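**Student:** Model the following, please.
(chains A and B)
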Protein chains: 2
Amino acid sequence: MYRTHTCGELRLSDAGKNVTLSGWVQRTRKMGGMTFVDLRDRYGITQLVFNEENNAELCDKANHLGREFVIQVKGTVSERSNKNKNIPTGEIEIIVNELNVLNSALTPPFTIEDNTDGGDDLRMKYRYLDLRRNAVRKNLELRHRMTMEVRRYLDSKGFLEIETPMLVGSTPEGARDFVVPSRMNPGQFYALPQSPQTLKQLLMVSGMDRYFQIVKCFRDEDLRADRQPEFTQIDCEMSFVEQEDIIETFEGMAKHLFKELRGVELNEPFQRMPWAEAMKYYGSDKPDLRFEMKFVELMDIMKGYGFSVFDNAAYIGGICAKGAAHYTRKQLDQLTEFVKRPQIGAKGMVYARVEAGGNVKSSVDKFYSQEVLQQMKAAFNAEPGDLILILSGDDAMKTRKQLCELRLEMGNQLGLRDKNKFACLWVVDFPMFEWSDEENRLMAMHHPFTHPKDEDIPLLDTDPAAVRADAYDMVVNGVEVGGGSIRIHDSQLQAKMFEILGFTPERAQEQFGFLMNAFKFGAPPHGGLAYGLDRWVSLFAGLDSIRDCIAFPKNNSGRDVMLDAPAPLEQKQLDELNLLVDIKEK
Amino acid sequence: MYRTHTCGELRLSDAGKNVTLSGWVQRTRKMGGMTFVDLRDRYGITQLVFNEENNAELCDKANHLGREFVIQVKGTVSERSNKNKNIPTGEIEIIVNELNVLNSALTPPFTIEDNTDGGDDLRMKYRYLDLRRNAVRKNLELRHRMTMEVRRYLDSKGFLEIETPMLVGSTPEGARDFVVPSRMNPGQFYALPQSPQTLKQLLMVSGMDRYFQIVKCFRDEDLRADRQPEFTQIDCEMSFVEQEDIIETFEGMAKHLFKELRGVELNEPFQRMPWAEAMKYYGSDKPDLRFEMKFVELMDIMKGYGFSVFDNAAYIGGICAKGAAHYTRKQLDQLTEFVKRPQIGAKGMVYARVEAGGNVKSSVDKFYSQEVLQQMKAAFNAEPGDLILILSGDDAMKTRKQLCELRLEMGNQLGLRDKNKFACLWVVDFPMFEWSDEENRLMAMHHPFTHPKDEDIPLLDTDPAAVRADAYDMVVNGVEVGGGSIRIHDSQLQAKMFEILGFTPERAQEQFGFLMNAFKFGAPPHGGLAYGLDRWVSLFAGLDSIRDCIAFPKNNSGRDVMLDAPAPLEQKQLDELNLLVDIKEK
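**Tutor:** Reported below is the predicted structural model:
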């Protein structure tokens, strides 16, 4: 061992001990005849002292150390005269009597500090240096502790972690698969799993009863800021359960994690909200409930007064920002610009301030009497000093989503989205299907294995779009951290579901025959849930992107810029795989 | 919840309770007016009773249950008159008053019993039924407990589990990679990792200090019985350590696992054996030390007496099977046939029995005097009743490997390879390189990142084939369960290593530049080890193949016969990936 102690563990009570430390040179300072070196490792920083008077040669060696050199020192723990209260080792220093340079270092391309001067691209290219920063390392430590706690909890509840294969079959339903050519089976491909969904259902058919797995999943999608081509799920499934049992189990797990990792005790049951209500009041299936600002519909109040924008709208609705009547015209114009951005797509925004005396002053005063505006005020329960913001549009769902963005933006501006406050809820009663304009057919909102609500099963024949599912998402602070459903365990109902989704029986058999056949041999009622690990860790770490809780993430083009992957293959590899690359002109 | 209790938990003390159970029908028996059903779940079997006299309709329903039907019953726990001492629930039965069929089942294609009538192919096709068998399920339970204990142990030692990416770059050095075409980067491919070797070394450069990961790895090799294209490693790395520190840490882990999972206390330090010794005395770098039967070299004793087979041999050596002189001529002929099989490739075998009086009777008596045979006997320390078996050949290493196979076969035949006895050792001092006839160059025996022994570094220039490495394998009962090495942390030494391995500087830079560059920014001394999880579980479970400790294994052609993967892609998928399939005639 190159050390007797880490750089984070020595205290005043160790004074007088002879110790050996190893680590990286964080900083050197020369003061008079003394040289001070901050030695860093994963566990902390310890100050080293070299005294020119005592050992000029050694001190000179120390003076030649560069940033990030790897060194080993031997010396004596000594009380510091000038104590540093900010670090746990701040009461001691090491009087060094031997210094070995284990490795030198080029000057790093950015500073290894909490607030680095490195830009995103540079940090990713030299990710191994970026990970030396406390701010990044502690995210990975949190991730480790989280997976330990997840396993501890699930193990204590009788769950078995069972590995499912990474090389599976491709199922074109859903997102795009990453595929893997098989050399031993020429012309054939494996796929990397988008999730172990069907495999965990087979484990239920096999009687495994309670399964979980912390597992890499893959989706070949065009990437957004919070998406990675490979991501990690906490994947769970249980047999002989109903929705309530799953919610109880995994709400318990969430509370366990909050307590162990954040010290937050959540004693109340999580709120439950039907999907329809979430869409109606928050314009989102993952509402951020850290703040109120519920939507109020204004169709009955605001229609028919000659304001053509509203008169022609399929939806008029707004939010009330408490105490924000002080917003200036400039701020309001910026909000209007915000909702008109192409990513949001609103045509404009109407606003109204409730004045000190109770009067309402709106941007559309010429169309509305104070009487109508007072009705509106009452609908919002608005008070003097409040600001009302209204959107309208010819597609209710689209307008609600725009209003959702506005609500979240106002939450940000008014400081209502505190990262240290947690609002958890279950969104339930999701629709079974959603219409896809692209595919011109109904698509499964969760996936084709989701069980419809028993009372809605008759609607499968008459009005499938109205069928609700035994599906549920856990939402924390506006982030969907997990979701799942009760599954179909009956092969006939499963076949009917594929029919509604537009599969021919042959195609259903070809793609999911293995599952439907398995169901014929005694499938138990079952259901489950998958949590997104990356999102959970980001949430607990207060990160804006999942990238910083992943050791080696990919960029928005799916590239690992550190490894410089992907890359072209050697011709020999392509030949062995019976493949030709044929890049089409775009 | 469809149950109040599992099928494994009710005891006599529960008598009188009203319970609900769910599970699979293992068996039904009709005896007089009574029907007995064995209800099975993951946790056990509970007997259900239906009485025709009490409820004829219910009893009739029970009589129509088929094997593997999924049912729910409600009833009262009752003491059994006819107790079954073989199962923990054998003192009670359930007097059923309600029976719900949750799912029917087709007759399974093989019996769901410990000793099934299903052949290997059928079991793999219906793996979800195979997994219902105790014998298979308990392997997965063991696997779960093993990974829990591994994590508990490593966490307690300060290791962080850090996920490394699955989509990395292809490195043609070593085994063949599985590759993944990138849609977003046309003509470029990711590779699936053969191991996270370089990434864990980068984590050491990043100061993570102690890393582990239980992780899927991939190798596109032609498969043997104990190989799978995807397998799981317990992958570990530590900084600021020497070989001794790693051996101590992971020997500690092995002892922890033996104790927790098998109840075996291993108090002595594991034996250490240099590679050269292992090859000399056991003809293998993973000797099975559950039994002695060390090789004895006979070149000095047996050469030069006119027996041309020996006179022309580069190696003559044998083993002494204690007490096996009773082997018949037929048994000895079968052993000769065994070593002459093409997989082993010996030309023949010489044998000698030590008779009751001490005389040696050999198959080559016409060439050797009793005096020479007595010298041979003495070399083996053979006693009356012992059997000596001798091989020779013109390639010492090949002959030793043949003798190794013979030794293991004799171990089997003499019952010396008890699955409940464990002989653990470290094989150390591996050669740095081995010659490849195929590539006509030196290849890294472990991998190109292995540190040579300090005292052998000068030999890199003069006699690289003689250089030994700081590399070590853990061997248990003749199985290599893990191995690792101290790594090179100096970019110049690493560059020299690539040079010896025949890489041009450009090619080394192209393939491993990211690592060599990282070493320039302050790499700590580091080393590690990887255990094969599948092998560990097989060893603890006493399995002959790793396949039965994997939920969904692949067959020898790399196929998942249950999922029917791999399979051809749809044309649209190939187009998106800019690929053409071009199968060459063989």
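**Student:** Any idea which residue of the stretch 251-400 of chain A lies closest to chain B?
**Tutor:** A:Glu260 (13.3 Å; Cβ to the nearest Cβ). C-beta here means a position set from N, CA and C on the backbone, and glycine is covered the same way.
**Student:** Which strand or helix spans the closest residue to that residue other than its chain neighbours?
**Tutor:** Distances taken as Cβ to Cβ, 6 or more residues apart in numbering or on different chains put A:Glu149 closest to A:Glu260, at 4.9 Å, once the chain neighbours are dropped. Using DSSP states H and E, A:Glu149 falls within helix A:134-156.
**Student:** now A:Thr46
**Tutor:** Using DSSP H and E, A:Thr46 falls in strand A:44-51.
**Student:** In the longest strand along chain A, which of the residues would be classed as buried?
**Tutor:** Secondary structure of chain A per DSSP state E: the longest strand is strand A:18-31. Going by neighbour count (16 or more other Cβ atoms under 10 Å in any protein chain shown), the buried part of strand A:18-31 is A:19-26, A:28.
**Student:** for stretch A:428-436, same thing?
**Tutor:** Neighbour count says stretch A:428-436 has A:428-433 buried, by 16+ other Cβ under 10 Å.
**Student:** returning to what we had before: compute the number of surrounding residues for the residue of the stretch 251-400 of chain A closest to chain B.
**Tutor:** Residues lying near A:Glu260 (other Cβ atoms under 10 Å in any protein chain shown) number 16.
**Student:** if we can go back for a sec, close to chain B as well: tell me which of the buried residues of strand A:18-31 qualify.
**Tutor:** Counting by Cβ under 8 Å from any Cβ of the partner chain, A:22, A:24 from the buried residues of strand A:18-31 sit close to chain B.
**Student:** I'd like the buried residues of strand A:18-31 as TSV, with distance to A:Asp564 and pLDDT appended.
**Tutor:** Listed next are those as TSV, based on distance: Cβ to Cβ, whole Å; pLDDT from 0 to 100:
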residue	distance to A:Asp564	pLDDT
A:Val19	41	98
A:Thr20	38	98
A:Leu21	35	98
A:Ser22	31	98
A:Gly23	30	98
A:Trp24	26	98
A:Val25	29	98
A:Gln26	29	97
A:Thr28	34	97
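**Student:** So which of the buried residues of strand A:18-31 is the closest to chain B?
**Tutor:** Nearest to chain B among these, with distances taken as Cβ to the nearest Cβ, is A:Ser22, at 4.6 Å.
**Student:** Mind listing the residues bridging to the closest one?
**Tutor:** Beta-bridge pairing for A:Ser22 (DSSP bridges): A:Gln72.
**Student:** now the strands: where do they sit in the stretch 101-250 of chain A?
**Tutor:** A:160-161, A:179-181, A:189-191, A:210-218, A:230-239 (DSSP state E, counting those that start in this stretch).
**Student:** for these, which one ends up most surrounded?
**Tutor:** strand A:189-191 (a mean of 28; mean count of other Cβ atoms under 10 Å in any protein chain shown).
**Student:** by contact count, what packs against it?
**Tutor:** On a contact count with 3 or more Cβ pairs under 8 Å, 6 or more residues apart in numbering or on different chains; DSSP states H and E, strand A:189-191 meets strand A:179-181.
**Student:** hmm, try it at 10 Å
**Tutor:** strand A:179-181, strand B:179-181, helix B:571-576 (3 or more Cβ pairs under 10 Å, 6 or more residues apart in numbering or on different chains; DSSP states H and E).
**Student:** what sits up against the second one?
**Tutor:** So that's strand B:179-181. A:178-181, A:183, A:189-192, A:218, A:220, A:229, A:565-566, A:569, A:573-574, A:577, A:579, A:581, B:166-170, B:187-192, B:218, B:220, B:573-574, B:576-579 (Cβ atoms under 10 Å, 6 or more residues apart in numbering or on different chains).
**Student:** Mind checking which of those residues are buried?
**Tutor:** Buried among those (16+ other Cβ under 10 Å): A:178-181, A:183, A:189-192, A:218, A:220, A:229, A:565-566, A:569, A:573-574, A:577, A:579, A:581, B:166-170, B:187-192, B:218, B:220, B:573-574, B:576-579.
**Student:** Which residue ranges make up each domain of chain A?
**Tutor:** A:12-103, A:137-272+A:424-571, A:291-413 (automatic domain parsing).
**Student:** Let me know the pLDDT of A:Pro172.
**Tutor:** Turning to A:Pro172, the model gives it a pLDDT of 68.
**Student:** now A:Gln511
**Tutor:** On the pLDDT scale, A:Gln511 gets 83.
**Student:** any idea which element it lies in?
**Tutor:** helix A:505-519.
**Student:** The next helix or strand after that helix pairs with which strands?
**Tutor:** As assigned by DSSP H and E, the chain's next helix or strand after helix A:505-519 is strand A:526-532. Strand A:526-532 has its sheet partners listed here by DSSP bridges as strand A:230-239 (antiparallel), strand A:479-486 (antiparallel).
**Student:** Format the ones you listed as a markdown table; extra columns: mean pLDDT.
**Tutor:** Output for the strands paired with strand A:526-532, formatted as a markdown table (pLDDT from 0 to 100):
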| stretch | mean pLDDT |
| --- | --- |
| strand A:230-239 | 98 |
| strand A:479-486 | 96 |
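**Student:** ok, back up a step: what angle separates the host helix or strand of the residue of the stretch 251-400 of chain A closest to chain B from strand A:479-486?
**Tutor:** Mapping A:Glu260 onto the secondary structure by DSSP H and E places it in helix A:243-262. Angle of helix A:243-262 versus strand A:479-486, following axes from the mean of the first three to the mean of the last three Cα atoms, to 10 degrees, is 150 degrees.
**Student:** Mind giving me the packing neighbours of helix A:243-262?
**Tutor:** By 3+ Cβ pairs under 10 Å, 6+ apart, helix A:243-262 packs against helix A:134-156, strand A:230-239, strand A:424-428, strand A:471-476, strand A:479-486, strand A:526-532, helix A:533-541.
**Student:** Show me what secondary structure element comes after the fifth one.
**Tutor:** Same thing as strand A:479-486. Downstream of strand A:479-486 (by DSSP H and E), the next one is helix A:491-500.
**Student:** dump the residue contacts of whatever residue of the stretch 351-500 of chain A ends up closest to chain B.
**Tutor:** At 6.2 Å from chain B, A:His489 is the closest residue in the stretch 351-500 of chain A, using Cβ to the nearest Cβ. Residues in contact with A:His489 (Cβ under 10 Å, 6+ apart) are A:201, A:204-205, A:239, A:449, A:451, A:519, A:522-527, B:70, B:102-103.
**Student:** What does the pLDDT read for the closest residue to A:Lys340 other than its chain neighbours?
**Tutor:** Leaving aside its chain neighbours, A:Lys340 sits nearest to A:Ala346 (5.8 Å; criterion: Cβ to Cβ, 6+ apart). A:Ala346 carries a pLDDT score of 96 in this model.
**Student:** mind checking the backbone torsions on A:Ala346?
**Tutor:** phi -70, psi 160 (degrees, to the nearest 10).
**Student:** can you pull out the strands in the stretch 351-500 of chain A?
**Tutor:** Going by DSSP E, counting those that start in this stretch, the stretch 351-500 of chain A shows strands at A:360-362, A:387-393, A:424-428, A:433-436, A:441-444, A:471-476, A:479-486.
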